[in-house]
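A.B. asks: sequence below, structure please.
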Amino acid sequence: GCPHPSTPKIFPDPSEHFNRQEAALISWGYLVKQRDQAMPTEWEKATFSLQHKNSIFVKNQAPVPGEANTYYRFTLTEETYANETQASYRLANLFQKPPDFNAQDEYSFTLRRGYQHDRFVYVIGTDALLFEKEMQRLAKQLQALLRNN
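C.D. replies: Predicted coordinates for the structure are as follows:
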């Protein structure tokens, strides 16, 4: 059934900053394949006071130049904090590993880049070394997009 109208939403909507980045990615030829919302883990709450996370998984419609059947794919995550101080602390510790860190995730864990806007931290990541250069380029462009507004 439908949730009762007075029930608070567990997950707030992505911010307009996130929506703007999503729109930019779409205009650059990316398709949103998946949306995800997650509650912070106990560790994320305790360590960074993370409030919640929204993410999208995007894939480019055009193959990587010179690589048939290979398409750029990235996950863009918005992490929401109570204030800018907490957000910048998080960004400074982007690569701090949770206690339950799985060594198999090492690769995709390092292939990411974060940037901050107000009390939000954005993390763009990928699972393929081949996509790292494009990831860095996108991160710069998305960051610039937030600054210019």
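A.B. asks: list the buried ones in the host helix or strand of Asp36?
C.D. replies: When elements are defined using DSSP states H and E, Asp36 is found to belong to strand 30-38. Using 16 or more other CB atoms under 10 Å as the test for burial, strand 30-38 gives Tyr30. Glycine gets a C-beta too; all of them are placed from N, C-alpha and C.
A.B. asks: again, but for stretch 126-135
C.D. replies: Residues of stretch 126-135 classed as buried under the neighbour-count rule (16+ other CB under 10 Å) are Thr126, Ala128, Phe131, Glu134, Met135.
A.B. asks: what sits up against it?
C.D. replies: Contacts of stretch 126-135 with the rest of the structure, by CB atoms under 8 Å, 6 or more residues apart in numbering, involve 64, 67, 70, 72-75, 107-108, 111-113, 124-125.
A.B. asks: for Lys53, give the beta-bridge partners.
C.D. replies: Listed by DSSP bridges, the beta-bridge partners for Lys53 are Ala38, Glu79.
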